[in-house]
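Engineer: Fold the following for me, if possible:
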Amino acid sequence: QVQLVESGGGLVQAGGSLRLSCAASGRTFTNGGMGWFRQAPGKEREFVASVTWSGGSTYYADSVKGRFTISRDKAKNTVYLQMNNLKPEDTAVYYCAVSKSYIVVFSTAQQAASWGQGTQVTVSS
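Structural biologist: Numbering: from 1, shown residues only. Sure, this is the predicted structure:
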């Protein structure tokens, strides 16, 4: 059973930055990937960014390209999401997820094998 522990959410003004962390345990991570999704009130959970565990390839939603950066530390089994130039529309609960091991490009919630508890990010205007 994979456990994912997120940290780093909070309240920030528009234009500010936050860094989210997600520490994973309970499995040896060699294939698949890890990613971040977010869910705003009244909306469906949406893909934000992901990184492949082996090669470190990264993927982003168009809405965050150029502002967010995902990275991973294989030694620590940890994934980070650096969020810069935050906008009010980035306000949501952010969830870390690990993909099923056979997934090559992790970009949908259906591809997730485990989820973190979520961390709130609020961007004020």
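
Engineer: Now residue 11: which helix or strand?
Structural biologist: Assigned by DSSP states H and E, residue 11 belongs to strand 10-13.

Engineer: mind listing the strands for the chain?
Structural biologist: Taking DSSP state E as the test, the strands found in the chain are 3-7, 10-13, 18-25, 33-39, 46-52, 58-60, 68-73, 78-83, 92-99, 112-115, 119-124.

Engineer: I'd like to know the beta-bridge partner residues of residue 25.
Structural biologist: residue 3 (DSSP bridges).

Engineer: Check the most centrally placed residue in the chain and give its pLDDT.
Structural biologist: In the chain, the residue lying closest to the centroid (C-alpha atoms, centre = their mean) is residue 36, at 1.9 Å. Listed pLDDT for residue 36 reads 98.

Engineer: That one reaches residue 93, doesn't it?
Structural biologist: No. In this structure, residue 36 is not within contact of residue 93 by C-beta atoms under 8 Å, at 10.9 Å. All C-beta spots, glycine's among them, are computed from the backbone N, C-alpha and C.

Engineer: re earlier: next, the buried residues of the strand holding residue 11.
Structural biologist: Of the residues in strand 10-13, residue 12 count as buried by neighbour count, 16 or more other C-beta atoms under 10 Å.

Engineer: Can you name every helix or strand that it contacts?
Structural biologist: If you count contacts as 3 or more C-beta pairs under 8 Å, 6 or more residues apart in numbering; DSSP states H and E, strand 10-13 packs onto strand 119-124.

Engineer: what does the strand it packs on contact?
Structural biologist: 6-14, 16, 18, 20, 38, 83, 86-94 (C-beta atoms under 8 Å, 6 or more residues apart in numbering).

Engineer: Separate out the buried members of those residues.
Structural biologist: 6, 8-9, 12, 18, 20, 38, 83, 86, 90-94.

Engineer: Distance to residue 58 added to those, as JSON lines?
Structural biologist: Shown next, in JSON lines, are those (distance: C-beta to C-beta, whole Å):
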{"residue": "6", "distance to residue 58": "19"}
{"residue": "8", "distance to residue 58": "18"}
{"residue": "9", "distance to residue 58": "21"}
{"residue": "12", "distance to residue 58": "23"}
{"residue": "18", "distance to residue 58": "18"}
{"residue": "20", "distance to residue 58": "15"}
{"residue": "38", "distance to residue 58": "17"}
{"residue": "83", "distance to residue 58": "14"}
{"residue": "86", "distance to residue 58": "19"}
{"residue": "90", "distance to residue 58": "18"}
{"residue": "91", "distance to residue 58": "23"}
{"residue": "92", "distance to residue 58": "20"}
{"residue": "93", "distance to residue 58": "22"}
{"residue": "94", "distance to residue 58": "17"}
